[in-house]
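Visitor: got a sequence here, can you model it:
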Amino acid sequence: MKLGSTLLTIAFAVLALSIVVWIGRPAPETGPQPVQIKSPPPDEFAPEGAKEEDRPEISSTGPYPKVVIPDGLEFDFDAMAFGDEKTHAFVIRNEGEAPLKLAKGGTTCQCTLSELAANEIPPGGEASIELKWKPTAPTDSFRKGATIFTNDPEQKEFFLAVVGRVVNQVKLFPGQNWQLGFVSNEQPAEFTGSISSPVLDEFQILGLETKAEGLTFEQRPLTDEELKELGSKVGYSIKAIIAPSNKIGMFRHDFTINTTINQEKEGAVGSTFPAFVEGARSGPIRVVPAVGVSIDADSMRLSLQRFQASEGKVGKLQLFVSDFPETLTIEPVIVDPEQLKVSLSEPQALGEGRARYELILEMPPGAPPMVRNLENKGRLLLKSNHPEVEEIDLTVTFVSQ
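Guide: Okay, the predicted model is just below:
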């Protein structure tokens, strides 16, 4: 009978695809219930370092120990902050008639056998096995653990595991870049984002700082429903309000969120989180591509595309001006690259207070080859005499070779 049981156990261990092992013998109704173990897939959780010679010797005649793990083989840390360390102690009981010997097999985390004399638990005694895990990168899920060898013939080994997910301590929504797109020159523009934490129980915003003119903020705690949607425990809604302006083109306003997170002492500023709001204004001057140039209306970014440096390039934009009976004039304030030449054509009248102009951009033949892309973009800042459009601010990209 014993020989048949042993052969059956070896066969199950070799297959190891979905082994189910029961710890201990049938327990009394009042005692801890057996724990069902499903062995983890070897390619995902297989611990390293396990050696057959580390296994405790099992008596051939008895009496035998009996392993009982009353709280189960797995503990859920839930959400862990990246860089944090957590520990869980698994209680191990010996409800058998002989000392229970334990030996650490392979591990995928830090494992400590504590409260053990010579790694033995006497009959009727208990001890704890501590698993400690410090994640090294955010992940949607993790499972780390350790294989423990025993001298219980009915449970020669078991696998203890800690599971959970690793998240950043703080979430900025929708991120550091708060995109507004096109905004009105006459009405305030608003954008609502949030700062929250999936791991902290509480924190406060000490202030929102910016050097940008016309940028103000309103804040409030997030509702339970909003926190649930974000997967966070605590957080704040932040509304950025941008005042109307007579400057058309791209704009970017940087700001900093000061918090009590990681605060060293009361009253001091803890962690700070930089972000920015970005958008564009068109106003009564509409910019349209004409010849040899393209423009992204959402970002006010114009491209002279690709050309030979030896041949140069001429591009034209059309400026449709409204509500201005006078002749439009422009004055270059910033021209980058400096080789770029800018001029404005005579107006073509389109009706009362309306006219069309050509803004001519020229890279002269023989200018040095250069690459101006999104990481190294140029800039064209023009000052106008239109009372409602103080500035026209464009970014410039091209490749000359």
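Visitor: pLDDT on the helix or strand harbouring residue 258, on average?
Guide: Using DSSP states H and E, residue 258 maps to strand 247-259. Computed over strand 247-259, the mean pLDDT rounds to 86.
Visitor: relative to strand 247-259, how tilted is the following helix or strand past that strand?
Guide: For strand 247-259, the succeeding helix or strand toward the C-terminus, using DSSP H and E, is strand 272-281. Orientation check (axes from the mean of the first three to the mean of the last three C-alpha atoms, to 10 degrees): strand 272-281 against strand 247-259 gives 160 degrees.
Visitor: partner strands of strand 272-281 and their direction?
Guide: strand 177-183 (parallel), strand 247-259 (antiparallel) (DSSP bridges).
Visitor: tell me which residues of that strand are tucked away?
Guide: Within strand 272-281, the residues that count as buried by 16 or more other C-beta atoms under 10 Å are 273, 275-281. Where C-beta positions appear, they are placed from N, C-alpha and C, glycine not excepted.
Visitor: between those, which is nearest residue 108?
Guide: Checking the buried residues of strand 272-281 against residue 108 by C-beta to C-beta gives residue 273 as the nearest, at 33.2 Å.
Visitor: what pairs with the nearest residue to that closest one once chain neighbours are set aside across the strands?
Guide: Nearest residue to residue 273, sequence neighbours excluded (C-beta to C-beta, 6 or more residues apart in numbering): residue 257, at 4.4 Å. On the basis of DSSP bridges, residue 257 is bridged to residue 208, residue 273.
Visitor: who are the contact partners of residue 257?
Guide: 172, 195, 205, 208, 238, 272-275 (C-beta atoms under 8 Å, 6 or more residues apart in numbering).
Visitor: ok but residue 229 is inside a helix, no?
Guide: Yes. Under DSSP: H, G, I helix; E, B strand; the rest coil, residue 229 falls within a helix.
Visitor: and it, how many neighbours?
Guide: Using other C-beta atoms under 10 Å, the number of residues around residue 229 comes to 12.
Visitor: and it, how close does it get to residue 222?
Guide: In this view, residue 229 and residue 222 are 9 Å apart by C-beta to C-beta, to the nearest Å.
Visitor: flag the shaky bits of the stretch 1-150 of the chain, pLDDT-wise.
Guide: 1-53, 110-118 (pLDDT under 70).
Visitor: so where do the strands sit in it?
Guide: Under the criterion DSSP state E, counting those that start in this stretch, the stretch 1-150 of the chain contains strands at 20-22, 36-38, 67-68, 74-81, 86-94, 100-107, 110-114, 120-121, 126-133, 139-152.
Visitor: got a pLDDT number for residue 305?
Guide: We have a pLDDT of 90 for residue 305.
Visitor: ok, it - contacts?
Guide: 292-294, 313, 398-399.
Visitor: give me the domain ranges for the chain.
Guide: 2-167, 171-281, 285-400 (automatic domain parsing).
Visitor: residue ranges of the helices in this structure, please?
Guide: All helices of the chain, identified by DSSP state H, fall at 2-15, 42-45, 224-230.
Visitor: show me what contacts the nearest residue to residue 186 once chain neighbours are set aside?
Guide: Counting by C-beta to C-beta, 6+ apart, residue 244 is the residue found nearest to residue 186 once chain neighbours are left out, at 5.5 Å. By C-beta under 8 Å, 6+ apart, the residues touching residue 244 are 184-188, 214.
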